[in-house]
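J.: for reference, the sequence and a predicted model appear below.
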Amino acid sequence: MMTPDTTTPAKSTALTVRELLELIAALDRRVPRVERIGEITIARAASALKLEALKRIEELERNYPTSSSPLEPVSNLGEAPHDQRDGSADHKNNQRK
């Protein structure tokens, strides 16, 4: 596990934002297998976690702006395409029953 560099608030904030973006990317890569028990619950939890991570990034950038941040502003990230990752699989799964 990485140890955050807390020498300056800007470095610590940049590291936290980078790690949150990595988390979001990993969540976006995961494709639920709706045929498995519990996957719909996991997809919903992943979607909620992504929203929380985006909110935290916005909060960090608002409270600790960094002038040399190479990161794209969260407002430009947009939402994931509407597919099985956003819980739309729930509807499809319910139709199969």
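T.: Everything's here; your move. Numbering: from 1, shown residues only.
J.: helices and strands of the chain: which one bottoms out on pLDDT?
T.: helix 88-96 (a mean of 45; mean pLDDT, DSSP states H and E).
J.: low-confidence ranges, this protein, go.
T.: 1-7, 66-97 (pLDDT under 70).
J.: okay, now Arg56: neighbour count?
T.: 15 (other C-beta atoms under 10 Å). All C-beta spots, glycine's among them, are computed from the backbone N, C-alpha and C.
J.: who are the contact partners of it?
T.: Arg56 makes contact with Thr16, Leu20, according to C-beta atoms under 8 Å, 6 or more residues apart in numbering.
J.: which strand or helix spans it?
T.: helix 39-63 (DSSP states H and E).
J.: need the contact list for Ile37.
T.: Contacts of Ile37 (C-beta under 8 Å, 6+ apart): none.
J.: now it, what's its secondary structure?
T.: Classification of Ile37 using DSSP: H, G, I helix; E, B strand; the rest coil returns coil.
J.: can you read off the backbone torsions of it?
T.: As for Ile37, its main-chain torsions (degrees, to the nearest 10) stand at phi -60, psi 130.
J.: count of residues packed around Ala14?
T.: The tally of other residues near Ala14 (other C-beta under 10 Å) stands at 21.
J.: ok, now the one 4 residues further on?
T.: The burial count assigned to Arg18 is 15, neighbours taken as other C-beta under 10 Å.
J.: in which helix or strand does it reside?
T.: With DSSP H and E as the test, Arg18 turns up in helix 9-29.
J.: and that helix, what does it pack onto?
T.: For helix 9-29, the packing partners by 3 or more C-beta pairs under 8 Å, 6 or more residues apart in numbering; DSSP states H and E come out as helix 39-63.
J.: list the buried residues for the helix it packs on?
T.: For helix 39-63, burial by neighbour count (16 or more other C-beta atoms under 10 Å) applies to Glu39, Ile40, Ala43, Ala46, Ser47, Lys50, Ala53, Leu54, Ile57, Leu60, Glu61.
J.: tell me the contacts of Leu49?
T.: Here Leu49 is in contact with Leu23, Leu27 (C-beta under 8 Å, 6+ apart).
J.: now with 7 Å, please.
T.: Leu27 (C-beta atoms under 7 Å, 6 or more residues apart in numbering).
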